[in-house]
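A.B. asks: Okay, here's the prediction I keep looking at, along with the sequence it came from:
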Amino acid sequence: MKMAAWERCNAKTDEEFVTWYENRNRKMIVFPLLGLLAFAFGILNEIFGWLPNDHMSSVISGVGGGLIGCGAAFSLRWRRVKRNARLIHKMRLSYTDERNQDLGRRALAASAYLTIFACFAAMMVAGWFSDVAFWCFYGMMFFVVIAYVGCYFYYSKKM
Amino acid sequence: MKNRIQELRKQQGLSQSELADALDVTRQTIISLEGGRYNASLKLAGKIARYFGLSIEDIFIFEQEDLA
């Protein structure tokens, strides 16, 4: 069974799905841990003032708090689902159903296109006000394009 | 592409939920398939054909523009 977070779930039974989901959760623990680090860094930065601009403390601790909150929410949801065979079955179907997977792929592809256009628009506007913001959006736009080319060649070798 | 899923399902007296459970897909997938808004993958088409005891060509009707 494929285990990468972005790979499709191919679990054929509810038991396989429980194993797949719990293995994936073990890998996902890295996000709440990063959140904890970010939150701690944000708080310490507030005290010691390592970063020159004040608002970054709130941003970093906010991102950290968000990651911790998401991790806790997913964990609580899974605890509830795991106790109920019907909910496990329903959740497996939502992950393995081919129409759902197709919808996810199409939504991701469309949002990537929109991101490129949004980065281009933001780059053009930001260029009037800030060089840093201009180059950030410029870099983002080219990163998406280069990632697309890289992924295209990767998958063309796989199929 | 047209299909006979709704007709075959009704012939067997099945609800959409029962067919969805038998094929291991969501009820929404059955609704979309019957409405012609979604085309099944080869794998799902094979599962549907096997479930009804027919061939894929008996269930999914390929029109000229589908094969062009």
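C.D. replies: That came through fine.
A.B. asks: ranges for the helices of chain A?
C.D. replies: A:14-28, A:30-48, A:55-82, A:85-96, A:98-126, A:131-158 (DSSP state H).
A.B. asks: how many degrees apart are the last one and helix A:98-126 in direction?
C.D. replies: So the one you mean is helix A:131-158. For helix A:131-158 against helix A:98-126, the angle by axes from the mean of the first three to the mean of the last three CA atoms, to 10 degrees is 150 degrees.
A.B. asks: May I see the buried residues of helix A:131-158?
C.D. replies: Neighbour-count burial for helix A:131-158 flags A:134, A:137-138, A:140-141 (criterion: 16 or more other CB atoms under 10 Å in any protein chain shown). To be clear about C-beta, it is placed using only N, CA and C from the backbone, and glycine gets the same treatment.
A.B. asks: Next: the fifth one.
C.D. replies: Of all the residues in helix A:98-126, those buried under the rule 16+ other CB under 10 Å are A:98-101, A:116, A:119, A:122-123, A:126.
A.B. asks: List just the nearest of the residues you listed to A:Ala73.
C.D. replies: A:Asn100 (20.7 Å; CB to CB).
A.B. asks: now for the helices of chain A, which one comes closest to chain B?
C.D. replies: Chain B lies closest to helix A:98-126 among the helices of chain A, at 4.3 Å (CB to the nearest CB).
A.B. asks: list the helices and strands the closest one packs on?
C.D. replies: In terms of contacts (3 or more CB pairs under 8 Å, 6 or more residues apart in numbering or on different chains; DSSP states H and E), helix A:98-126 is packed against helix A:131-158, helix B:27-35.
A.B. asks: Adding mean pLDDT, write those out as JSON lines.
C.D. replies: Putting those into JSON lines (pLDDT from 0 to 100) gives the following:
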{"stretch": "helix A:131-158", "mean pLDDT": "93"}
{"stretch": "helix B:27-35", "mean pLDDT": "95"}
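A.B. asks: Quick one: closest of the ones you listed to A:Val18.
C.D. replies: So among the helices and strands packed on helix A:98-126, helix B:27-35 is nearest, using CB to CB, at 22.4 Å.
A.B. asks: Contacts for the closest one next, please.
C.D. replies: The contact list for helix B:27-35, computed with CB atoms under 8 Å, 6 or more residues apart in numbering or on different chains, reads A:97-100, B:3, B:5-6, B:9, B:16-17, B:19-20, B:23, B:38-40.
A.B. asks: Please verify my assumption that A:Thr96 contacts A:Asn10.
C.D. replies: Yes: using CB atoms under 8 Å, A:Thr96 is in contact with A:Asn10, at 6.7 Å.
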